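Enquirer: Take a look and give me a structure for this.
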Amino acid sequence: MSEKKGGAAPKASTLRWTILRRALLPRSHITDKHNSEIGIERVSRKTSHGFSLIPSCLIENRNDTSSSSSLIDSKEAACFCYTLPVPNAPKLFLFQRFSSFDVLGDFEICNRYDIDNTGLVCPWPSEEVLAYYCLSHAEMFRSKTVIELGSGYGLAGLVVAMATEASEVVISDGNPQVVDYIQHNIDANSGAFGPSKVKSLMLHWNKEEISDISNKFDIVVASDCTFFTEFHKGLVQTLVNLLKSEGPSTAIFFSPKRGDTFDKFVAEVKEIGLHYSIDEIYDTEIWRQHQDFVRGDDSWPNYDKDHCYPYLIKITR
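Expert: Model prediction:
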């Protein structure tokens, strides 16, 4: 995180109130200089870089991507078209909210449900890595029941639904605004799922009763869900509740180290009695790109392994 020149960096609470001010004031009252100074990235670290594993482009004319869902105002969302790098794969359309539509309701919902709003920021690099990994190991998901946790806009879950012949895919998040986007994206791609059953779900790791889906899933997937240490116990307990108790079942997580947060999550996994393995080199293309970025490839400025490179952890009972 950068600091303002000539003084200490502003507190996160100050930055949040500045964002609130932006939401309250007409946009004509806020200058570009002011926008650049408030350091929104310090509240929610948004990245526009990644491993570029799945080609995508912004869709200007969205007539062919209309959805029956009325949950999302089309003026608030951009639509991206992903071309899955596998034979005969359909196009995947992903709607995500424009950053200019941050609203006061975000903070109210985060406080009410004790959650963060990172799922509304952007699809994160670890999410693309997870999606690519699922594509590369499609046979693992065939005829399986799958749930994605902390899904954000749902890229990985949609990829599993469209390209792996999973029997059922549940795409979940704890933020109701994010779940609205997930459902919208499911509706926008509904013709491409084949026989796979696909649905959205609001799921809070620390609070939600999950008796109706308890011990139901063959595979649980997630990306970048280990950063907030206060959610580790709830997340690990949720894994125990979701994974099938009889027969083989696996959780597949991708997360950067980010200081000691990843290691603390692994400690929770170990403490509860689950088995796990950690892989640093799990795909030759991702590892090649990582090495290039470390050597200074300027296509990802300020690349930092600790914050940017996701490790793979597989968890079993």
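
Enquirer: all contacts plus neighbour counts: C-alpha atoms, from now on.
Expert: Noted.

Enquirer: Just the strands from this structure, written as ranges.
Expert: 56-58, 77-83, 91-97, 145-149, 168-173, 197-202, 219-223, 250-255, 275-279, 311-316 (DSSP state E).

Enquirer: where are the low-confidence patches of the stretch 101-250 of the chain?
Expert: 101-122, 206-209 (pLDDT under 70).

Enquirer: For it, which segments are assigned as helices?
Expert: Ranges of helices in the stretch 101-250 of the chain, per DSSP state H, counting those that start in this stretch, are 104-113, 125-136, 155-163, 176-188, 232-242.

Enquirer: Turn these into CSV, columns for mean neighbour count and distance to residue 248.
Expert: Putting these into CSV (neighbours: other CA atoms under 10 Å; distance: least, CA to CA, whole Å) gives the following:
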stretch, mean neighbour count, distance to residue 248
helix 104-113, 13, 33
helix 125-136, 23, 18
helix 155-163, 27, 19
helix 176-188, 23, 28
helix 232-242, 20, 13
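
Enquirer: Of all the ones you listed, which one is nearest residue 280?
Expert: In terms of CA to CA, the element of the helices of the stretch 101-250 of the chain nearest to residue 280 is helix 125-136, at 12.7 Å.

Enquirer: what's stretch 129-147 in contact with?
Expert: With contact meaning CA atoms under 8 Å, 6 or more residues apart in numbering, stretch 129-147 is reached by 51, 53-54, 86, 155-157, 159-160, 163-172, 216-223, 253-254, 283, 286, 310.

Enquirer: let's go with 6 Å and repeat that
Expert: 156, 164-171, 217-220 (CA atoms under 6 Å, 6 or more residues apart in numbering).

Enquirer: do stretch 294-309 as well
Expert: Counting by CA under 6 Å, 6+ apart, 49, 256-258 sit against stretch 294-309.

Enquirer: Figure out how far it is from the centre of its chain.
Expert: How far stretch 294-309 lies from its chain's middle: 20 Å, per CA atoms, centre = their mean, to the nearest Å.

Enquirer: What of stretch 145-157?
Expert: 7 Å.

Enquirer: Can you give me the buried ones in it?
Expert: By neighbour count on 16 or more other CA atoms under 10 Å, the buried set for stretch 145-157 is 145-157.

Enquirer: Span of it from start to end?
Expert: Separation of the first and last residues of stretch 145-157 by CA to CA, to the nearest Å is 12 Å.

Enquirer: what's the answer for stretch 228-247, then?
Expert: Across stretch 228-247, first to last residue, CA to CA, it's 31 Å.

Enquirer: next one: stretch 275-292 to chain centre, how far?
Expert: That offset, for stretch 275-292, works out to 19 Å (CA atoms, centre = their mean).

Enquirer: which residues touch that stretch?
Expert: Contacts of stretch 275-292 (CA under 6 Å, 6+ apart): 311-317.

Enquirer: and the end-to-end length of that stretch?
Expert: OK, stretch 275-292 end separation, CA to CA: 33 Å.

Enquirer: quick check: mean pLDDT across that stretch?
Expert: Taken as a whole, stretch 275-292 carries a mean pLDDT of 98.

Enquirer: same thing with stretch 56-74?
Expert: So the average pLDDT for stretch 56-74 ends up being 66.

Enquirer: again, but for stretch 257-272
Expert: Across stretch 257-272, pLDDT averages out at 97.

Enquirer: Can you point out the buried residues in it?
Expert: 257-258, 261-262, 264-266, 268-269.

Enquirer: same deal with stretch 190-197?
Expert: Counting neighbours by 16+ other CA under 10 Å, stretch 190-197 gives 190, 192-193, 196 as buried.

Enquirer: now stretch 220-230
Expert: Those would be 220-227, for stretch 220-230 by 16+ other CA under 10 Å.

Enquirer: Need the distance between the two termini of stretch 294-301.
Expert: First-to-last residue span, stretch 294-301, CA to CA: 10 Å.

Enquirer: circling back to that earlier point, adding distance to residue 60 as columns, could you present the contacts of stretch 275-292 in CSV?
Expert: As requested, the contacts of stretch 275-292 are exported to CSV (distance: CA to CA, whole Å):
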residue, distance to residue 60
311, 35
312, 35
313, 38
314, 39
315, 41
316, 43
317, 46
